[in-house]
Structures are given as C-alpha cells and as structure tokens.
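Visitor: below are the sequence and a predicted model for it; my questions follow.
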Amino acid sequence: MNGSLATVMNEMDVNQTDINDVNYEGRIVISIYFILVSIFGFIGNLIILIVLIKIPKMRTVHTNIFIGSLAASDLTTCLMLPFLVVGLVSKTGWPLSDWICIATSILRFTCQGSSVWSLGAIAINRLVLVTMSTRIYRYLYQPSTIVINIAFVWLFPLMCVVIPHLTGDIVIGFDSGPNICSDTDFDQDGNPSNTFLWIQGLVLSCLPICIVFTCYVRIYIFIRLHIRRQKKSNPSTVTLKSVTRLTTPEPSSSTSDQKTENNSSTMNNRPPKPQAGGLKSRLKSMTLRRNLSQLESRITKNCFYVFLGFLLCVIPYGIFILADIGVEGAPLALVFLVFNTCLNPIIYGTKHPHFKAAIWNILTARFSRDSNIPGTSGTKQNENNVFGSRSQADTNRINHSQDLMQSADSAL
C-alpha cells in the first residue's frame, strides 16, 4: 500500500516537473519575442522622433505632434520590455530591486494608456479639421491648447496608475502568475482587488477607443451627407475631373462679349487681347487645392489605419485575459498588445505621405532636404496649406470632402 502511494507521488512530481519545463520553455519563447519587438519597435519609433526633430517643417502640422507623442509612448514601452524578460527567464522570482519592478510597471501602464489616448487626440483633431471651419480649428489648436492636450494624454494615465497604488487599492510589483512586473490583483491588505482591472479596461482602453471610433464614424457620416447634398444640387461636382467647375465662375455677359470681340478680332487678322488674371493661374490654384485635399485624405486614412492596427492588437489581448487563455506562468495575452509598438512605424513608413518621404530622407542621411516631402512647403502657413486652405470655405470644403470620401469608403 505504501509502495503504491509512493509511486503515485513520484509520478505526480514527475508530471509537475514536466509542466514546469513546458511553462519555462514557453516563457523563453515569449522572452525572445519581447526582445525582437523591443529592438524593432525602438528603432522604428526612434526614426519617427528623429524625423520630427531633424525636419522642422514636420513639426508645423498639428497631427504630427500627436503622432510624435504616440511614438514616444511606444518607444518607452519598448524600453520596458527587457525588464519583463528579466522576470520571465528567472526561476527564482524577481532578481532585481523592488523599486525597479514598480517603476517598470508604472511606466509600462502609463505609456500604454498614453498610446491609446494619443490615438484619441489624433481622431479628435481630424474630426475638428474635417467638420469645422478653419477659424474654429485654429482657435481650438493653438500652441497652448496643444500643450494641454499632450500633457493630458500623459498625466491622466499616470494618475490612473499612481493614485490607486498610493492609496493601497492596488499593489504594483512582481506577479508570480505571469512572471512579470505588473499589478498583483491584490490590495495593500492582501485582499483580492479588481480595481486596476476596471481602470485598465474602461479608462485606459474602452473610453479612448470609443472616442476614436465615434470620431471616425462622424467623419464618414459628415462626408457622406455632404456628397449627397452635392449630388442633388449639382451632379457634375461629384467627380474629381469636374470639380473645377465649382471653382471656376460661370461666364458672365461681359465674358461672352469679350469672346465675341476676340473672335471678330481674329477674323480681322488682329491678335486677341490678353485676358486679365489669366486662366492658367486659376487652374494652377485649383490643382493645388485638389492635390492638398488628396493629401489630406491620405493622412486621415493613415490615422484610421493606426487605430485599426491597435484595435486588432487589443481585441485578442482582451479575449485572452477574460477567457484566461494561454500558457500557465507566461503572459501570452501581452504578446498581442506589445506588437502594436512596432506596428505604427510600419504604417507611417508605408502609408503616411509626410513620414514616408521624411523617413526616406532620414535613411539616406538627407536631414535638411525636406523639399520632397509632400505638403510641407512653407513655414507658418504650412498648417493651413496641408489641411486645405479654406479662405473660400465652400469651394475648398467640397474638394476636401470629395477626396476624403473616397478614402473613407475604402477604409471603413
């Protein structure tokens, strides 16, 4: 009897050892993945920040400032990943000082929250730009208000992490479950606590995601309704080829008389009188506005790609957390979330019209040669040019909305 019991206990120990070996192998694989994401994400986001620092004209576009904030948060997250690897590869718990683990957790949670709220700030910026006048846009996005926005997307997530930790509602440190520095799911008294789970799920994820989704839906609806009104009022204004009809004034009676005079003068072998103003300058102006509208539509479409990429990373993370899926003792759900840190630079480098050209200049060591960057010519007037000049509000908004509608159809 005793021999049988001893045999069963030995088999249980062997099985537990096998399970621990499998879990540790999974932790090693995840550690390698974290290191790769950290390297590529750090390089990619660093290039984005170098573009904004080395090329001054890139900083004159308000949206790019928020993109810089997003890149800074992702870069900091990449710097925190090696500290997660330290906990994953260790078999004896956290080998470093406790304050390093706490600081790593606070920075990681803050940067992840800042990343989502930066996407929200970008979406609100695009919504105001598309649906409101230039006067309102300039009033809302003065340098002081931009600083306030940037401060909010960083300080608000920081307070959501630090305040519950200081009050004892959550305890931040090494979590022996996934073997990483995180919240321990306990309060200061050792009782189970879901406080930070609600904070992370609602305030740092769901709320900003809902804001981003609402903004892009409103942009889509605004443009769709605008195009429908244009179809009813003048069907010829729907296509880009005929958009110049909106900006070209209808020929008046004096113009007709002038054409008649020119024809008669030609018949009399006399050269026609040149028209004042010139049609060529008007065509050039209309072409410039149309090109800027197309550029603006590509920027908005790119911002939606960034949000979509983040959403595709967050949804699997939430499913794995709620359903408790994964390898025991390894943060498998975090694998999906951290991939977003190296995804954004890929989107900028391949889709964003400003950063695509600027990154190429950086990679070819042409830091000051930004003349080839589309939409960045000019100094203080650049913001108005890139976002489409609205001095003639009706005309330019029509051009802008038509081009942006095409991108919204394909993106949404």
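Guide: Good, I have the coordinates.

Visitor: which regions of the stretch 301-412 of the chain sit below the pLDDT cut-off?
Guide: Confidence mapping of the stretch 301-412 of the chain against pLDDT under 70 gives the ranges 302-303, 318, 320-330, 349, 352-353, 365-412.

Visitor: meant to ask about the chain
Guide: Using pLDDT under 70, the chain drops low at 1-22, 60, 231, 234-300, 302-303, 318, 320-330, 349, 352-353, 365-412.

Visitor: cutoff 50 now
Guide: Within the chain, the stretches with pLDDT under 50 are 1-22, 237-268, 271, 273-274, 276, 369-371, 377-412.

Visitor: so the spatially closest residue to residue 46 that is not a sequence neighbour is in which element?
Guide: Distance criterion CB to CB, 6 or more residues apart in numbering; nearest residue to residue 46, sequence neighbours excluded, is residue 75 at 6.2 Å. (Glycine included, C-beta is placed from N, CA and C.) Assessed by DSSP states H and E, residue 75 sits inside helix 62-89.

Visitor: buried residues in that helix?
Guide: 62-81, 83-88 (16 or more other CB atoms under 10 Å).

Visitor: and if you look at stretch 192-200?
Guide: 193, 196, 199, 200.

Visitor: turn the residues you listed into CSV, columns for secondary structure.
Guide: Formatted as CSV, these follow (DSSP: H, G, I helix; E, B strand; the rest coil):
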residue, secondary structure
193, coil
196, helix
199, helix
200, helix
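
Visitor: out of those, which is nearest to residue 98?
Guide: Lowest distance from residue 98 to those (CB to CB) belongs to residue 196, with 17.9 Å.

Visitor: touching, that closest one and residue 170? I think so.
Guide: Yes: assessed by CB atoms under 8 Å, residue 196 is found in contact with residue 170 at 4.4 Å.

Visitor: touching both of the two, which residues are there?
Guide: 164, 183 (CB atoms under 8 Å, 6 or more residues apart in numbering).

Visitor: what strand or helix carries residue 139?
Guide: helix 134-140.

Visitor: just residue 181 next, same as before
Guide: Short version, using DSSP H and E: residue 181 is in strand 180-183.

Visitor: quick revisit: the next helix or strand after the helix holding residue 75 - contacts with which helices or strands?
Guide: The helix or strand immediately downstream of helix 62-89 is helix 98-131, counting by DSSP H and E. The contact analysis (3 or more CB pairs under 8 Å, 6 or more residues apart in numbering; DSSP states H and E) places helix 98-131 against helix 62-89, helix 134-140, helix 143-167, strand 172-175, strand 180-183, helix 207-233, helix 279-323, helix 393-411.

Visitor: any idea of the angle the third one forms with helix 62-89?
Guide: An angle of 20 degrees separates the directions of helix 143-167 and helix 62-89 when computed by axes from the mean of the first three to the mean of the last three CA atoms, to 10 degrees.

Visitor: neighbouring contacts of helix 143-167?
Guide: Outside helix 143-167, the residues that reach it (CB under 8 Å, 6+ apart) are 62, 65-66, 69, 73, 102, 105-106, 109-114, 117-118, 120-121, 170-172, 195-196, 199, 203-204.

Visitor: my read: residue 216 touches residue 308, true?
Guide: No: judged on CB under 8 Å, residue 216 makes no contact with residue 308 at a distance of 9.5 Å.
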